[in-house]
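Novice: Show me how the following folds:
(chains A and B)
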2 protein chains.
Amino acid sequence: MTLIVQKYGGTSMADADTIRIVADRVAEACRDHQVVVVVSAMAGQTNHLLELARSLQPVPDAREMDVLLATGEQVSIALLAMALKARGIDAQSFTGGQVKISTDRVHGKARITDIEEEAIRAALESGKVAVVAGFQGVDELGNITTLGRGGSDTSAVALAAALKAEECQIYTDVDGVYTTDPRVEPQARRLAKITFEEMLEMASLGAKVLQIRAVEFAGKYKVPLRVLSTFDQGPGTLITLEDQQMEQAVISGIAFNRDEAKITIMGVPDRPGVAFAILGVVADANIEVDMIIQNTGADGLTDFTFTVHRNDFQQALSLLKPVVGELEAREINGDDCIVKVSVVGVGMRSHAGIASTMFKALSDEGINVEMISTSEIKISVVVNEKYLELAVRALHRHFGLDQVTAD
Amino acid sequence: MTLIVQKYGGTSMADADTIRIVADRVAEACRDHQVVVVVSAMAGQTNHLLELARSLQPVPDAREMDVLLATGEQVSIALLAMALKARGIDAQSFTGGQVKISTDRVHGKARITDIEEEAIRAALESGKVAVVAGFQGVDELGNITTLGRGGSDTSAVALAAALKAEECQIYTDVDGVYTTDPRVEPQARRLAKITFEEMLEMASLGAKVLQIRAVEFAGKYKVPLRVLSTFDQGPGTLITLEDQQMEQAVISGIAFNRDEAKITIMGVPDRPGVAFAILGVVADANIEVDMIIQNTGADGLTDFTFTVHRNDFQQALSLLKPVVGELEAREINGDDCIVKVSVVGVGMRSHAGIASTMFKALSDEGINVEMISTSEIKISVVVNEKYLELAVRALHRHFGLDQVTAD
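Specialist: As a prediction, this is how the structure comes out:
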């Protein structure tokens, strides 16, 4: 009997009714597999605890915050184990410490350093389902740590890797990974398969089905990941290594991100240290930078453009205004009415002409491209936010993503 | 610097406001003492979790129930540690497993078998307040166990015993132990001191300030216990060993219990095995019996009377009806409109005439005594429930409990 790891998030553990549905899913899997289930805190629970903590200590102590938040998953494992037992399925819950899942000492965003298999193996061998608290571990002193929000995906993948599971199934409230957001393009299709690399590009661009760290981890340890819906039947989307069949698809999906804003410093003297002078100030304020573009100009001056999250736009602008003077640059301007649209696909490596197809599709719709950035399996453009839906739909159509393919 | 253990119950940990008050109390104690704080789950939290569990599994699995309920105290320790840190007091939380508090394997009502001192001592030596989750421990396999409801008092006393604390302070929503319930007798006074034995009789008779197990434990290990209010200033009531001064008071208090019902089997043949035939049936149904009275009769027949909780009255009656036939007894009858009223005091040992004073007081008020039972430091009577207030007030006055004495 092969082993699978299933992970259920907060919306699947919302209340007694959804927990019973989760128990049904686990029961199905039990017929053919040994099953380890990883669960998140009940939806809303974590926010409630955060609020309480902040009302007592505006910046809550990191160690105690982990003690507090870890209770959310502990509630979930107990309740799911009960729901399984009520269905006649033997089950045993495990906190992170009981497994044990060892981490470093960075409270709030700890990294898993080791997973002991013995206790879980013993439960599985005695015919039990092991129900494990996601998101949490213990450091070498026995302090409770947490992996940061969404860390339950990482827990599940790490357990699957440690236990050499056949598959790690991430159950969520969508039935798979789509070619693009169906709310923008009704013709969007669920993908039967996608590579880890593509999933990384899709996830980081706003298709928030899976945590990036979990996908990286799964890719590194070659754990096949599957995204499925708790509430609908269906095979979901398998995230796996590149194979022959997959090379046929040139583009897997169209990702986009509405949260971007761009800042341009124009007429910057083109000399070493300029990029650092600009981005150092931004990084020191813990503002994350996404795209960075610099073109060499003809007259020893250059324009330097980058994008940040819209929430950080005003702060970044005011931090940089003095820098413009120091650099003797001409001026700074910004625009927070932009979006980023990307085509993603491993097929891009072996097929020429993706970029030209993309730019033609946008040009045909009269959409002006303000920035371009490329990676090995992705081409991103920045356009005015009013063009978002138009651009996504045009690209989806031009790359044939609306064509039905078999699972 | 001496060490004290403080324990705060669920009503003291009700919300952020009351947790801040608890932090104030702990801060005061920190000036002169090393402090270990034991806390319960936030009021209402345990019931909420119980409800969830029962909706998933009508009789929830005992092991998983402990995993679930232990989260309540884990939330409390983290929040109180944060509240202390916000006040500039260094603190560290400890789950039962982190202390560690070892117990037997009886989920839901585990008994403490050992407490390791090292981790808490280390925290105290480094100037921290140790905030410990009450009510919970771990068995020798690392499974989470709970001590049963109210077990946080027991945790506090056990920690005080293990750490040889100067005093174990139980903070609650009343400011001490009273000579009787002030809602029945407005002249009731707070006792400055009471012995462990008296407290046991008071607690088991319905003065539910402290858990009986905690008082037993404190008496056994000679840990001075003090009951105080979280919300009012005052010295509370010290529960301690009998001393010279205390012998002056003959009676410490009047306890009563409204939850009693009595059952009498009349005309029972007076032969060995009769009591077992009757009480065995009741015990097998997990019905607890309080008072038991049997008088030998003249004609080889006797009347056998006992009291049970009112909730168990109907069940006990119907269980016993067939037994009446088997025993060839005359008849069975019952009354669930009775109450038990007791006078309690260690002084009873050395003073004659307590009983006669008691019966005269009741007789003067025209109160008929239906049952009498005595122990070394207690005399209990059963009367019709309509006489409860009258009986308590009469006894309170007759034994001079309304006289003010110095703390």
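Novice: Where does the closest residue to chain B within the stretch 101-250 of chain A sit, in terms of helix or strand?
Specialist: In the stretch 101-250 of chain A, the residue found nearest to chain B is residue A:142; the distance is 5.9 Å by CB to the nearest CB. C-betas here are computed from N, CA, C, even on glycine. Using DSSP states H and E, residue A:142 sits within no helix or strand.
Novice: tell me which element the closest residue to it other than its chain neighbours falls in.
Specialist: Closest residue to residue A:142 apart from its sequence neighbours, by CB to CB, 6 or more residues apart in numbering or on different chains: residue B:98 at 5.9 Å. Assessed by DSSP H and E, residue B:98 sits inside helix B:96-99.
Novice: residue contacts, the residue nearest to residue A:401 when sequence neighbours are not counted?
Specialist: By the measure of CB to CB, 6+ apart, the closest residue to residue A:401 outside its immediate chain neighbours is residue A:179, 4.0 Å from it. Going by CB atoms under 8 Å, 6 or more residues apart in numbering or on different chains, residue A:179 touches A:185, A:188, A:189, A:191, A:252, A:253, A:254, A:396, A:401, A:402.
Novice: what's the answer for residue A:215, then?
Specialist: Taking CB under 8 Å, 6+ apart as the criterion, residue A:215 is in contact with A:196, A:199, A:200, A:203, A:225, A:239.
Novice: does the last one sit in a helix or strand, and which one?
Specialist: Read that as residue A:239. Residue A:239 belongs to strand A:237-240 when assigned by DSSP H and E.
Novice: where exactly do the helices run in the stretch 251-400 of chain A?
Specialist: A:274-284, A:313-327, A:354-364, A:388-398 (DSSP state H, counting those that start in this stretch).
Novice: Quick check: buried residues in the longest one?
Specialist: Of the residues in helix A:313-327, A:313, A:316, A:317, A:319, A:320, A:323, A:324, A:327 count as buried by neighbour count, 16 or more other CB atoms under 10 Å in any protein chain shown.
Novice: With respect to chain B, which of these is nearest?
Specialist: residue A:319 (30.4 Å).
Novice: Low-confidence ranges, the stretch 301-407 of chain A, go.
Specialist: The model of the stretch 301-407 of chain A has pLDDT under 70 over residues A:404-407.
Novice: Please read the previous query as pertaining to chain A.
Specialist: Low-confidence segments of chain A (pLDDT under 70): A:149, A:204-208, A:244-249, A:296, A:298, A:404-407.
Novice: who's the closest residue to residue A:264 other than its chain neighbours bridged to?
Specialist: Nearest residue to residue A:264, sequence neighbours excluded (CB to CB, 6+ apart): residue A:305, at 4.4 Å. Beta-bridge partners for residue A:305, by DSSP bridges, are residue A:264, residue A:293.
Novice: quick one: residue A:305 and residue A:268 touch, right?
Specialist: No. Shown here, residue A:305 and residue A:268 do not form a contact pair, counting by CB atoms under 8 Å, at 10.4 Å.
Novice: follow-up on the earlier one: the helix holding residue B:98: how far from the chain's middle?
Specialist: 25 Å (CA atoms, centre = their mean, to the nearest Å).
Novice: Please name every helix or strand in contact with that helix.
Specialist: Applying 3 or more CB pairs under 8 Å, 6 or more residues apart in numbering or on different chains; DSSP states H and E, one finds that helix B:96-99 contacts helix B:118-125, strand B:129-133, strand B:136-138, strand B:144-146.
Novice: what sits up against that helix?
Specialist: Against helix B:96-99 from outside (CB under 8 Å, 6+ apart): A:97, A:142, B:70, B:73, B:115-116, B:119-120, B:132-133, B:135-138, B:142, B:144-145, B:155, B:159.
Novice: Show residues contacting the helix or strand just after that helix.
Specialist: Following helix B:96-99 in sequence order, the next helix or strand is strand B:101-103 (DSSP H and E). With contacts defined as CB under 8 Å, 6+ apart, strand B:101-103 is touched by B:110-116, B:136-140, B:145, B:147, B:155, B:158-159.
Novice: if I pick the residue nearest to the spatial centre of chain A, what's in contact with it?
Specialist: The residue lying closest to the centre of chain A (CA atoms, centre = their mean) is residue A:211, at 3.0 Å. Going by CB under 8 Å, 6+ apart, residue A:211 touches A:150, A:151, A:153, A:154, A:203.
Novice: so how many other residues sit close to the nearest residue to the last one once chain neighbours are set aside?
Specialist: Distance criterion CB to CB, 6+ apart; nearest residue to residue A:203, sequence neighbours excluded, is residue A:212 at 5.1 Å. Around residue A:212 there are 16 other residues, counting by other CB atoms under 10 Å in any protein chain shown.
Novice: One more: residue A:169?
Specialist: There are 25 residues near residue A:169, going by other CB under 10 Å.
Novice: Check residue A:77 too.
Specialist: When neighbours are counted by other CB under 10 Å, residue A:77 comes out with 28.
Novice: Look up how far residue B:38 lies from it.
Specialist: Using CB to CB, to the nearest Å, residue A:77 is found at 25 Å from residue B:38.
Novice: next one: residue A:386
Specialist: Relative to residue B:38, and taking CB to CB, residue A:386 is found at 61 Å.
Novice: which other residues reach stretch A:145-154?
Specialist: The contact list for stretch A:145-154, computed with CB under 8 Å, 6+ apart, reads A:7, A:9, A:38-40, A:46, A:65-66, A:69-70, A:73, A:96, A:103-112, A:134-139, A:155, A:170, A:210-211, A:213-214, A:217.
Novice: Only the buried subset of those residues, as a PyMOL command please.
Specialist: One line in PyMOL is enough to select the buried members of those, burial here meaning 16+ other CB under 10 Å:
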select buried, chain A and resi 7+9+38+39+40+46+65+66+69+70+73+96+103+107+108+110+111+112+134+135+136+137+138+139+155+170+210+211+213+214+217
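Novice: From the contacts of stretch A:145-154, which land in strands?
Specialist: Among the contacts of stretch A:145-154, the ones falling in strands (DSSP state E) are A:7, A:38, A:39, A:103, A:112, A:136, A:137, A:138, A:170.
Novice: Out of those residues, give me the two with the largest separation.
Specialist: In the ones in strands among the contacts of stretch A:145-154, two members sit farther apart than any others by CB to CB. They are A:138 and A:170, at 23.8 Å.
Novice: And the residue lying farthest from the centre of chain A, how far from chain B?
Specialist: Using CA atoms, centre = their mean, the residue of chain A lying farthest from its centre is residue A:299. It sits 42.1 Å away. According to CB to the nearest CB, to the nearest Å, residue A:299 stands 57 Å off from chain B.
Novice: do residue A:38 as well
Specialist: Per CB to the nearest CB, residue A:38 is found 15 Å from chain B.
Novice: hang on, the earlier thing: between the helices and strands packed on helix B:96-99, which one is nearest to residue A:392?
Specialist: Taking CB to CB, strand B:144-146 is the member of those nearest to residue A:392, at 49.5 Å.
Novice: need the residues of the stretch 101-250 of chain A near chain B, please.
Specialist: Residues of the stretch 101-250 of chain A found near chain B (CB under 8 Å from any CB of the partner chain) are A:142, A:144.
Novice: how about the helices in the stretch 101-250 of chain A?
Specialist: Applying DSSP H, counting those that start in this stretch to the stretch 101-250 of chain A gives helices spanning A:118-125, A:151-162, A:196-204, A:212-220.
Novice: Among the ones you listed, which comes closest to residue B:294?
Specialist: Among the helices of the stretch 101-250 of chain A, helix A:118-125 sits nearest to residue B:294 (CB to CB), with 52.8 Å.
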